[in-house]
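1. Show me how the following folds:
(chains A and B)
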Amino acid sequence: MYRYDQFDARIVQERVAQFRGQVARRLSGELLEDEFKPLRLQNGVYLQLHAYMLRIAIPYGQLSPVQLRRLAEIARDYDRGFGHFTTRQNIQFNWVALKDIPDVLEKLAEVEMHAIQTSGNCIRNTTTDHFAGAAQDEVLDPRAWCEIIRQWSTFHPEFAFLPRKFKIAVTAAEHDRAAIRVHDVGLHIRRKDGQVGFEVHVGGGQGRTPHIAALVNPFVPEAQILDYLEAIMRVYNRYGRRDNKYKARIKILVSELGEAEYIRQVEEEFAAQRPGEKIDLPASEVARIHAYFAPPALAARPALSKTLEAAKAADPAFARWTRANLHPHKVAGYASVTVSLKPLGVAPGDATDAQMMLVADLGEKYGYGDIRVSHAQNLILPHVALDDLPVVYAALDAAGLGAANESRITDMIVCPGLDYCNLANARSIPVALAVQKVFADPAYEEDIGKLHINVSGCINACGHHHVGHIGILGVDKKGEEFYQILLGGRADEKAALGEIVGPGLKADDVPAAIHRVVEFYRAERTSPAEKFIDTLERLGHARFQEALYAAG
Amino acid sequence: MSSVRPKLKPETPKAVTGWATPTGLSVWLTADGAWTEDAAELAVFTGEEAEARLAAALKQEAVVTDPYFMEVTADGKITGRETLRESMRAEPALSFGGGA
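-> Below is the predicted model of the structure:
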């Protein structure tokens, strides 16, 4: 993985010292909250419903064991013993006292981490495929390009005060696991005639006005991608709406201009760049960054593991876990493991300090020191030998991390909702947990197969309800929580926005309604191999809607 | 705050609430002018006294952040348009840190 050079280390340390001074002045009353707020937000500090929240960047979702242990220590020493992994592959601590945050940032800096650009109207953490470097279907490891984009976008003086926040996602695989089409910019790395380049999508996003991104350029050669991104950003920075925060995202600009006109303006801006302002990223620099992401030296192993097969035969729960939580690795004899942070009864995406310590240990001992955070709020060990899976599972299961549910109905993306969030209108976590209970039988859940439920506590859509196969959106009606149900969303290469199918339901009615929809699917699917989303697209929404609202 | 805070009439019973500046924890103003983390101890104000209490709170930047009025009943129970949000602040539904 990437290691800080002297410049990285210095700017992070200087930022910690600067924020320490700002916090001291805030605590003394010298700085007023109105003055302090933009400063704290630039350092990832929000004031939420119950306390300050600190969002820490995990660049493209990659952590070393040392870094994950440090996060565990922060959870233990400065929070209430847990952290919350987010859909942007970051982590949030919900109970850190302001007076302690400079110390926390200093501890993060010691392990090459920070909270810079995790908030504010700037370019946020670049996210990517959580199986990057291990996936069979990628054309190359996208992390190097994420790192190049990180370096380009960090403290970029021209893009520090954009009209609104800006999110970039990158994939290099045919199957999009990074949800690139619902990002401000989505980049798909491709090879054409032996050359590496980027398929560029712009203007995707969720929130109150969801959009699927427009394909702006089918192939930008790698040497030109930063200049092309600058052209995209400049058009946005110049014409993006600053008069109305609800219309300030780039998706609105692309929509209001029209795709053709937006593309014309980007191409015009790109063509107008003078030679002297071109970034001209040298191939040697690209190669230098790629070298940080060299694949681990995986020992040769047989494709079939007798140890694994014997363990599966002996333990049905383990066998079920291997069917759900393993992803094929590009090297025979290995698999990528999803460590589910969605066990029954726990806030989705939460991990305790002890669990983080355990995953760090497993990553070190069995995972070549490589740990990832997925946008679905799980942890990943991307390189685990098949022979080691039984012992890894046993350790995870003993720590409450043995849920066999990756991409299944209880593996929900869920925002913090009104239990934590100052923006939320309704609670997300309790409704998600209530739905989980209905599908708690592992055999039943396995029979249902892949089905994504995403839950948001308000229209800002942090729980990605627009792109869940089933989306749940909490709303407040005169002090009472109601939940609108959406059907048909998806975040992959066939990205689509779900449709609200009817009036909102009371919280208590949601689990049974979801159950009716799932039972309708099971009755109507052509075979267990037909996924929920495929049956829904084949039959249309109307009949599922009938099932949803049928008398319970 | 996310939502637009409702404007309350002078005679409407109200409490003053905000976040403790050093910790960020929710706090409510008590009758003796202290700040408590227990909403059951909040004081109810109306009229000019309420305005004076809020004005004083707004000057305590090092102690409390973003103080504002919240509607309560005459005996201090949470009510009004922001009932759900204020109830959650006063009495979280999740046992934070121990699962949900």
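2. Contacts only, for A:E222.
-> Contact analysis of A:E222 by Cβ atoms under 8 Å, 6 or more residues apart in numbering or on different chains lists A:W145, A:Q195, A:V196, A:G197, A:F198, A:V286. Yep, even glycine has a C-beta here, placed from its N, CA and C like the rest.
3. Filter these down to just the ones in strands.
-> A:Q195, A:V196, A:G197, A:F198 (DSSP state E).
4. could you dump the residues you listed to TSV with distance to chain B and neighbour count?
-> Below are the ones in strands among the contacts of A:E222 laid out as TSV (distance: Cβ to the nearest Cβ, whole Å; neighbours: other Cβ atoms under 10 Å in any protein chain shown):
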residue	distance to chain B	neighbour count
A:Q195	47	11
A:V196	43	18
A:G197	42	22
A:F198	36	25
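5. B:Q60: which of these is nearest?
-> A:F198 (52.4 Å; Cβ to Cβ).
6. In this model A:K192 seems to touch that closest one, though I could be wrong.
-> No - A:F198 is beyond contact range of A:K192, at 10.6 Å (criterion: Cβ atoms under 8 Å).
7. Return every residue with contacts to both of those two.
-> A:F219.
8. Next up, the contacts around B:S26.
-> A:L49, A:H50, A:A51, B:T17, B:G18, B:W19, B:A20, B:E37, B:A39, B:R89, B:A90.
9. Hmm, A:M412 is touching A:N454, no?
-> Yes - contact criterion Cβ under 8 Å: A:M412 and A:N454 qualify, at 6.6 Å.
10. Tell me the residues that contact both of the two, please.
-> Contacts common to A:M412 and A:N454, judged by Cβ under 8 Å, 6+ apart, are A:G468.
11. Tell me which stretches of the stretch 201-350 of chain A form strands.
-> Using DSSP state E, counting those that start in this stretch, the strands found in the stretch 201-350 of chain A span residues A:214-221, A:326-328, A:334-339, A:350-352.
12. Sorry, slip of the keys, the one I care about is the stretch 451-552 of chain A.
-> Using DSSP E, counting those that start in this stretch, strands in the stretch 451-552 of chain A cover A:453-456, A:470-477, A:480-487, A:499-500, A:505-506.
13. Could I get the ones you listed in JSON lines, plus columns for distance to A:E174?
-> JSON lines is the format used below for these (distance: least, Cβ to Cβ, whole Å):
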{"stretch": "strand A:453-456", "distance to A:E174": "23"}
{"stretch": "strand A:470-477", "distance to A:E174": "25"}
{"stretch": "strand A:480-487", "distance to A:E174": "25"}
{"stretch": "strand A:499-500", "distance to A:E174": "26"}
{"stretch": "strand A:505-506", "distance to A:E174": "37"}
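14. ok, which residues in chain B are in contact with chain A?
-> B:1-2, B:19, B:21-26, B:60-62, B:65-66, B:81, B:83-85, B:88-89, B:92-94, B:96-97, B:99-100 (Cβ under 8 Å from any Cβ of the partner chain).
15. mind listing which of the residues you listed are in strands?
-> B:W19, B:S26, B:T65, B:D66.
16. where does chain B have low pLDDT?
-> Where chain B drops to pLDDT under 70, the residues are B:1-4, B:97-100.
17. Point to the residue nearest the middle of it.
-> Geometric centre of chain B, nearest residue: B:T17, 2.2 Å, by Cα atoms, centre = their mean.
18. Extract the C-alpha trace of the helix or strand containing that one and format it as PDB.
-> Assigning secondary structure by DSSP states H and E places B:T17 in strand B:14-20. Written as PDB, here are the backbone C-alpha positions of strand B:14-20 (Å, rounded to 0.1, in the frame of the first residue of the first chain):
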ATOM      1  CA  LYS B  14     -40.000  26.300  26.500                       C
ATOM      2  CA  ALA B  15     -36.600  25.000  27.600                       C
ATOM      3  CA  VAL B  16     -33.100  26.100  26.500                       C
ATOM      4  CA  THR B  17     -30.900  23.400  25.100                       C
ATOM      5  CA  GLY B  18     -27.700  23.000  23.200                       C
ATOM      6  CA  TRP B  19     -24.500  21.000  23.200                       C
ATOM      7  CA  ALA B  20     -21.700  21.200  25.700                       C
END
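19. by contact count, what packs against that strand?
-> Judged by 3 or more Cβ pairs under 8 Å, 6 or more residues apart in numbering or on different chains; DSSP states H and E, the packing partners of strand B:14-20 are strand B:26-29, helix B:47-58, strand B:64-71.
20. and the angle from the longest one to strand B:14-20?
-> Per axes from the mean of the first three to the mean of the last three Cα atoms, to 10 degrees, the angle that helix B:47-58 makes with strand B:14-20 is 0 degrees.
21. So which bits of helix B:47-58 are buried?
-> B:A50, B:R53, B:L54, B:A57, B:L58 (16 or more other Cβ atoms under 10 Å in any protein chain shown).
22. wait, the first one sits on B:F69?
-> Yep, that's B:A50 we're talking about. Yes - here B:A50 reaches B:F69: they are 6.9 Å apart, a contact under Cβ under 8 Å.
23. shared neighbours, the two?
-> By Cβ under 8 Å, 6+ apart, the residues touching both B:A50 and B:F69 are B:K14, B:V16.
24. For burial, what's the neighbour tally of residue 12?
-> Went with chain A since none was named. Around A:V12 there are 22 other residues, counting by other Cβ atoms under 10 Å in any protein chain shown.
25. hm, I was asking about chain B
-> 18.
26. Any regions of the stretch 1-150 of chain A where pLDDT drops low?
-> Short version for the stretch 1-150 of chain A, where the test is pLDDT under 70: none.
27. what ranges do the strands span in it?
-> A:45-47, A:52-56, A:62-63, A:82-85, A:91-93, A:127-128.
28. Which one, of these, ends up nearest to A:E309?
-> Going by Cβ to Cβ, the one of these nearest A:E309 is strand A:62-63, 30.9 Å.
29. what would the strands of the stretch 201-350 of chain A look like in JSON lines with mean pLDDT and distance to chain B?
-> Converted to JSON lines, the strands of the stretch 201-350 of chain A look like this (pLDDT from 0 to 100; distance: least, Cβ to the nearest Cβ, whole Å):
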{"stretch": "strand A:214-221", "mean pLDDT": "98", "distance to chain B": "30"}
{"stretch": "strand A:326-328", "mean pLDDT": "98", "distance to chain B": "26"}
{"stretch": "strand A:334-339", "mean pLDDT": "98", "distance to chain B": "17"}
{"stretch": "strand A:350-352", "mean pLDDT": "97", "distance to chain B": "8"}
